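A.B. asks: Have a look at this fold, sequence not included:
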């Protein structure tokens, strides 16, 4: 069975509301219209939508099947297409144990030491969690839960009372964090065995229960051929951790024989099975080569010798993917004479004496309900494109104008009027190729500063005069400038400048550092006050300066996953850290220093700051329940927070500009919105183009057309298959292509 079939059978829960069940009318003094009905609880295991259909077919092979063997070695369990099956060790008809779980996805089954229970992962409660059921599939119950946590890779402790697993937690918009835990079969939050680290996966206990073997990322670059993933062992009695496998390659040192993935310790504790990539190794499937190939290796832990046990096995996906493991789970036979694993769509038993792999034939009946996916159809029109997301929205001091960036240009709008560009193709020297960004009003509202960059000589800070409509270049040296921010008295502009990543064909977020400096309002050279390192992360925004009390310049740094608000004086000296907030992407301070606004996980928060705190004190903020009052001021997302004054915060929300009066008690009345209504012409090619002679995979009723044409007219596909050409089109011969 092809892998794509397995993934398409992941049954999606739709977003259609369930209708309330009708009940017989009852006599009551309350008019029926005023009766309140409790909303029906959403069942995540039920199929929803209208396009439902049942599928029922038999398979004798599968993709990415995780397998485990019973303690007596007579039967095994494996997962297939979101269900868990039980099978005799010699093969035969597989019994589905999770057929009653609806559209839930069940995976990674492991059998308890006494053979009476099976631990597994299931999303039947809405999120991947650790579950346990009897060995016949009855009495399933969840051991973990949580909307922002996931469980994966369960493994039984030999005592039978505890189950180890990988615990993953996250906040929206941030990288997940993982640790290795152990949960009791009777419940509880569990015990952390290995705290947050890099790439903690594939836990497994030794048979005597003393040691936990696991996989970790050994280098910043998860290079499997270069030894980026290795195996460690935790002594549960002493807490000592040692490397079982180690070594990473360097430019001048071959320090590794490769990585060790998916470790499994033998029942006698003497042999470690693991997977390793074969350099330049590939496997062939239907005429296509895939790689690098993986093989199964065995290391004698006493002597350190290794031998190749089985080549090939499944290809790992350690670099990332939607699977729960780097490789499908496999298991030792109880007597240590071999292993059971899946490869090439089959279950196999590997004999360690002969190193021969024998198929375990099976037949499995697949019965699933296909639920309608929660995916609306989107039609792309030919008319003007409506702007649905503006950036860096900011209101003028008199409240009459709004400036923002959209479609790569800076626009200014008045209430009730159509936004207008402040530039045409000028002042760029290369015919309109530069990108305009980050507008900022002067304190008197007479000027608007903004930045442009494109080619290296186009990167400058500009000022637009509102009355004369004239543009003036402020910077003498070209660069990657952003965020010009006027000092409250108008005597200077704070500006950030990147290291030039966009001039090297990369993105803004790929800059190695950002300089924060001052620029005279009459123009000149940027005087750098500080240099802040960048995170080299496409989701982290460049630092944005803000002016706070005592004439100091504030800006945010990202240290690991923590946003830090720092400040310097106007000589670039006396650097201080003021607040720290985990996952904060932007931090700006109010002019009086009484508030700090943060963007985190695509929302805007504001917290009160004590004006009397010690200069040396760094305040550790939290979005909720922290040391000072804080609240979320955005309701459906928020970006680019900026203080208009000490008590007014502005930010963007898609096509909206939002203002919040921080001192008002009623947040509903304190929030005002300015909708941005703008459409820009849609770029659309004209003429006809024909691709001829290709093999066409239509994904429709026509199936595969061995030789055909595709005709594109004015940017739309006009014909597929046997197409008449009138001689006016441009023809590209695609013979031999698919």
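C.D. replies: It's in. The structure displayed is predicted, hence computed values, not measured ones.

A.B. asks: okay, now residue 605: neighbour count?
C.D. replies: 23 (other CB atoms under 10 Å). (C-beta placed from N, C-alpha, C; glycine too.)

A.B. asks: any idea which helix or strand carries it?
C.D. replies: strand 603-608 (DSSP states H and E).

A.B. asks: what packs against that strand?
C.D. replies: strand 595-600, strand 630-632, strand 639-645, strand 648-653 (3 or more CB pairs under 8 Å, 6 or more residues apart in numbering; DSSP states H and E).

A.B. asks: any idea how far residue 438 is from the residue nearest to residue 477 when sequence neighbours are not counted?
C.D. replies: Leaving aside its chain neighbours, residue 477 sits nearest to residue 525 (6.1 Å; criterion: CB to CB, 6 or more residues apart in numbering). To residue 438, residue 525 is 20 Å away according to CB to CB, to the nearest Å.

A.B. asks: Neighbour count: these two, which is higher?
C.D. replies: residue 438 (24 against 11).

A.B. asks: strands paired with the helix or strand harbouring the more buried one, and their directions?
C.D. replies: Using DSSP H and E, residue 438 sits within strand 435-441. Using DSSP bridges, the strands paired with strand 435-441 are strand 447-453 (antiparallel).

A.B. asks: right, and the helix or strand after the strand it pairs with?
C.D. replies: Later in the chain than strand 447-453, the nearest helix or strand by DSSP H and E is strand 460-465.

A.B. asks: Which strands or helices does the helix or strand just after that next one pack on?
C.D. replies: As assigned by DSSP H and E, the chain's next helix or strand after strand 460-465 is strand 471-473. Applying 3+ CB pairs under 8 Å, 6+ apart, one finds that strand 471-473 contacts strand 460-465.

A.B. asks: Outside of the strand it packs on itself, list whatever touches it.
C.D. replies: Residues outside strand 460-465 that contact it (CB atoms under 8 Å, 6 or more residues apart in numbering) are 410, 422-423, 427, 442, 446-453, 470-475, 478-479, 481, 484, 493, 495, 519, 521.

A.B. asks: Just the buried residues of that strand, please?
C.D. replies: The neighbour-count check on strand 460-465 (16 or more other CB atoms under 10 Å) flags 460, 461, 462, 463, 464 as buried.

A.B. asks: quick one on the thing from earlier: relative to strand 648-653, how tilted is the strand holding residue 605?
C.D. replies: Going by axes from the mean of the first three to the mean of the last three CA atoms, to 10 degrees, strand 603-608 is angled at 170 degrees with respect to strand 648-653.

A.B. asks: average model confidence for strand 603-608?
C.D. replies: Predicted confidence along strand 603-608 averages 93 (mean pLDDT).

A.B. asks: helices or strands up against whichever helix or strand comes after it?
C.D. replies: Using DSSP H and E, the helix or strand that follows strand 603-608 in sequence is strand 619-620. On a contact count with 3+ CB pairs under 8 Å, 6+ apart, strand 619-620 meets strand 576-582.

A.B. asks: Show the subsequent helix or strand relative to the strand it packs on.
C.D. replies: strand 584-589.

A.B. asks: Just the residues contacting that following strand, thanks.
C.D. replies: 173, 539-541, 544, 546, 548, 554, 556, 558, 562-565, 567, 578-579, 581, 595-600, 609, 621, 640-643.

A.B. asks: Buried deepest among the helices and strands packed on strand 603-608, which one?
C.D. replies: strand 595-600 (a mean of 25; mean count of other CB atoms under 10 Å).

A.B. asks: Pull the residues that contact that one.
C.D. replies: 171, 173, 541, 563, 565, 578-579, 581, 583-590, 604-609, 621, 623, 633, 638-643, 646, 649, 651, 662.

A.B. asks: which of the buried residues of strand 460-465 lies closest to residue 395?
C.D. replies: residue 464 (15.9 Å; CB to CB).

A.B. asks: what is that closest one paired to in the beta sheet?
C.D. replies: Beta-bridge partners, per DSSP bridges, of residue 464: residue 448, residue 471.

A.B. asks: and the nearest residue in space to residue 610 that is not next to it in sequence, what does it touch?
C.D. replies: What sits nearest to residue 610 in space, not counting adjacent residues and going by CB to CB, 6+ apart, is residue 628, at 7.0 Å. Residues near residue 628 by CB under 8 Å, 6+ apart: 607, 608, 609, 610, 619, 621.

A.B. asks: Now list the buried members of those residues.
C.D. replies: 607, 609, 619, 621.

A.B. asks: Count the residues that sit near residue 423.
C.D. replies: By other CB under 10 Å, neighbour count at residue 423 equals 19.

A.B. asks: Check for me that it belongs to a helix.
C.D. replies: No: counting by DSSP: H, G, I helix; E, B strand; the rest coil, residue 423 is not part of a helix but coil.

A.B. asks: will you turn the helices and strands packed on strand 603-608 into JSON lines that also has distance to residue 300 and mean pLDDT?
C.D. replies: Converted to JSON lines, the helices and strands packed on strand 603-608 look like this (distance: least, CB to CB, whole Å; pLDDT from 0 to 100):
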{"stretch": "strand 595-600", "distance to residue 300": "50", "mean pLDDT": "94"}
{"stretch": "strand 630-632", "distance to residue 300": "57", "mean pLDDT": "90"}
{"stretch": "strand 639-645", "distance to residue 300": "56", "mean pLDDT": "96"}
{"stretch": "strand 648-653", "distance to residue 300": "61", "mean pLDDT": "96"}
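
A.B. asks: Rebuild these as TSV, extending it with distance to residue 729.
C.D. replies: Shown next, in TSV, are the helices and strands packed on strand 603-608 (distance: least, CB to CB, whole Å):
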stretch	distance to residue 729
strand 595-600	49
strand 630-632	55
strand 639-645	44
strand 648-653	44
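
A.B. asks: what about the residue nearest to residue 477, distance to residue 421?
C.D. replies: The spacing between residue 525 and residue 421, counted by CB to CB, is 29 Å.

A.B. asks: And the pLDDT for the nearest residue to residue 246 once chain neighbours are set aside?
C.D. replies: Nearest non-adjacent residue to residue 246, counting by CB to CB, 6+ apart: residue 230, 5.4 Å away. Note on residue 230: pLDDT of 92.

A.B. asks: So which bits of the helix or strand that residue 230 is a member of are buried?
C.D. replies: Assessed by DSSP H and E, residue 230 sits inside strand 229-235. Buried residues in strand 229-235, counted by 16+ other CB under 10 Å: 229, 230, 231, 232, 233, 234.

A.B. asks: ok, now stretch 705-720?
C.D. replies: Quick answer for stretch 705-720 (16+ other CB under 10 Å): 705, 708, 709, 710, 711, 712, 719, 720.

A.B. asks: Please work out the average pLDDT along the helix or strand where the first one lies.
C.D. replies: When elements are assigned from DSSP H and E, residue 705 belongs to strand 704-713. Averaging pLDDT along strand 704-713 yields 95.

A.B. asks: next SSE after it?
C.D. replies: strand 716-721.

A.B. asks: Touching that following strand from outside, list them.
C.D. replies: 688, 696, 698, 702, 705, 708, 709, 710, 711, 712.

A.B. asks: Which of those sits closest to residue 163?
C.D. replies: residue 698 (47.6 Å).

A.B. asks: is it true that the closest one touches residue 710?
C.D. replies: No: the pair residue 698 / residue 710 is not scored as a contact, 10.1 Å apart, by CB atoms under 8 Å.

A.B. asks: List of residues touching stretch 388-407?
C.D. replies: So stretch 388-407 is in contact with 387, 410-415, 419, 436-441, 443-445, 448, 450, 466, 639-640, 642, 644, 650-652, 654-657, 659, 674, 676, 678, 680, going by CB under 8 Å, 6+ apart.

A.B. asks: neighbours around the spatially closest residue to residue 728 that is not a sequence neighbour, how many?
C.D. replies: Computed as CB to CB, 6+ apart, the closest residue to residue 728 that is not its neighbour in sequence is residue 688, at 6.0 Å. As a burial measure, residue 688 scores 17 neighbours (other CB under 10 Å).

A.B. asks: List the backbone torsions phi and psi for residue 688.
C.D. replies: Dihedral pair for residue 688: phi -120, psi 140, per degrees, to the nearest 10.
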